[in-house]
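> no sequence on this one, just coordinates:
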Ligand SMILES: Nc1ncnc2c1ncn2[C@@H]1O[C@H](COP(=O)(O)OP(=O)(O)O)[C@@H](O)[C@H]1O
Ligand SMILES: CSC[C@H]1O[C@H](OP(=O)(O)O)[C@H](O)[C@@H]1O
């Protein structure tokens, strides 16, 4: 008898996840499946279902009706599973090399069944273990250029674009970002978490009116600039990699926002390695340079060859757009550095440093660099100047 209740949402267990997998005809009827719940993110359940005999496996991801990291006291729409599945399909059509295949979705169960990427490692974990993934920045530059161009008015045309804006309305997940990235770190909010050794720097940050003005401006950009379909949470914990492949997962925060947001999150999460990884610092600086160079070159080619807007193809207009994306990206990178240091959701790059003084020094650099990028973003004229500022702050 089936133990999956039809037409009703309920959280899966390892047993019911196997039953669901068998019902999908991905495995043979007599397959002996094993299943482990492997979710280590803040929000969802992730089941790894394996048929060892046939050498086949899948991932079943399910949204819970609350944020897993906090519990049932933080209710959260399960519609995020549909947003994530739709975004994976959209980005998968645009940049198939960099996105896991989606095999099946169920909006009632809030389930997405997708390609198992277990042969790769989460990039943040790989970096902390000493990997540098030589192709990751080339791949991310191409992924960003394609997804951000082909979902814009210029790549999609204004009518299709408006339909997609509607499809990806995602207020509850956006509100998390609005609070955790653009609001809570800048006052004494309950959600903040930081070590006492940082308190004098955090209090100074709460009193910094110039910083708050610029964060307000960046938040307004995030709230109002519906430029492109964003991944919306593009940190190195949302990227699987090895030395030849890169795959971007977990776009449940997808919505139409400013292109610089995804680019800035990539910059910031590479900057954490620039800050903490003394031995391989230069390689991570090069990764940041490569992300921007590949993004800029690929985006420019797409703009010049695929543009749906007759009048948009002037050098001055592409240059205007790239300058806006760059300045926004620097500001959003600054916000990500600060919120991952003192806000609710931290990063293992910083928190995993065992020695207290080394850890506090790294966190101070993250806060200082974040503040500079937020305040100076419009004065930093190019990539070279950005890198000079980073090196000046870190060394
Ligand atoms: N397609 C996949 N293949 C293999 N493992 C995956 C896959 N998707 C997610 N995982 C595993 O589950 C973890 C949590 O997934 P993620 O999508 O980041 O969840 P959350 O939305 O809760 O942050 C990842 O860190 C990874 O270990
Ligand atoms: C309560 S959500 C906090 C934080 O978690 C999300 O990350 P992930 O789903 O990758 O674990 C996102 O970054 C949110 O800001």
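It's in. The model shown is predicted, which means the values in this text are computed figures rather than measured ones. Ligands and ions are numbered 1, 2, ... in the order given.
> which non-adjacent residue is nearest residue 321?
What sits nearest to residue 321 in space, not counting adjacent residues and going by Cβ to Cβ, 6 or more residues apart in numbering, is residue 303, at 7.8 Å. Quick note: C-beta positions are derived from backbone N, CA and C, even for glycine.
> pop the domain breakdown of this protein in here.
Residue ranges for each domain of the chain read 14-115, 121-394, as given by automatic domain parsing.
> next, format these as TSV and append mean neighbour count and distance to residue 6.
Below are the domains of the chain laid out as TSV (neighbours: other Cβ atoms under 10 Å; distance: least, Cβ to Cβ, whole Å):
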stretch	mean neighbour count	distance to residue 6
domain 14-115	18	9
domain 121-394	19	25
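> pick out the residue closest to the middle of the protein.
Residue closest to the average C-alpha location in the chain (Cα atoms, centre = their mean): residue 234, at 1.4 Å.
> secondary structure class of whatever residue of the chain ends up closest to ligand 1, three-state.
When distances are taken as Cβ to the nearest ligand atom, the chain reaches nearest to ligand 1 at residue 41, 1.9 Å away. With DSSP: H, G, I helix; E, B strand; the rest coil as the basis, residue 41 sits in coil.
> was I right to think it contacts residue 252?
No: counting by Cβ atoms under 8 Å, residue 41 stays clear of residue 252, with 9.5 Å between them.
> any common contacting residues for these two?
Common contacts of residue 41 and residue 252, defined by Cβ atoms under 8 Å, 6 or more residues apart in numbering, are absent altogether.
> doesn't residue 66 make contact with residue 72?
Yes: in this structure residue 72 lies within contact range of residue 66 using Cβ under 8 Å: 4.8 Å.
> what stretches of this structure score poorly on pLDDT?
Applying pLDDT under 70 to the chain flags the ranges 1-5.
> just the residues of it that are near ligand 1, which are they?
Proximity of the chain to ligand 1 is confined to 38-44, 46, 59, 100, 114-118, 122, 238, 249-250, 252 under the rule Cβ under 6 Å from any ligand atom.
> still on that earlier bit, how about the domains of the chain in a markdown table, adding distance to ligand 2?
Output for the domains of the chain, formatted as a markdown table (distance: least, Cβ to the nearest ligand atom, whole Å):
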| stretch | distance to ligand 2 |
| --- | --- |
| domain 14-115 | 3 |
| domain 121-394 | 4 |
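> distance to residue 7 added to the ones you listed, as CSV?
Putting the domains of the chain into CSV (distance: least, Cβ to Cβ, whole Å) gives the following:
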stretch, distance to residue 7
domain 14-115, 6
domain 121-394, 23
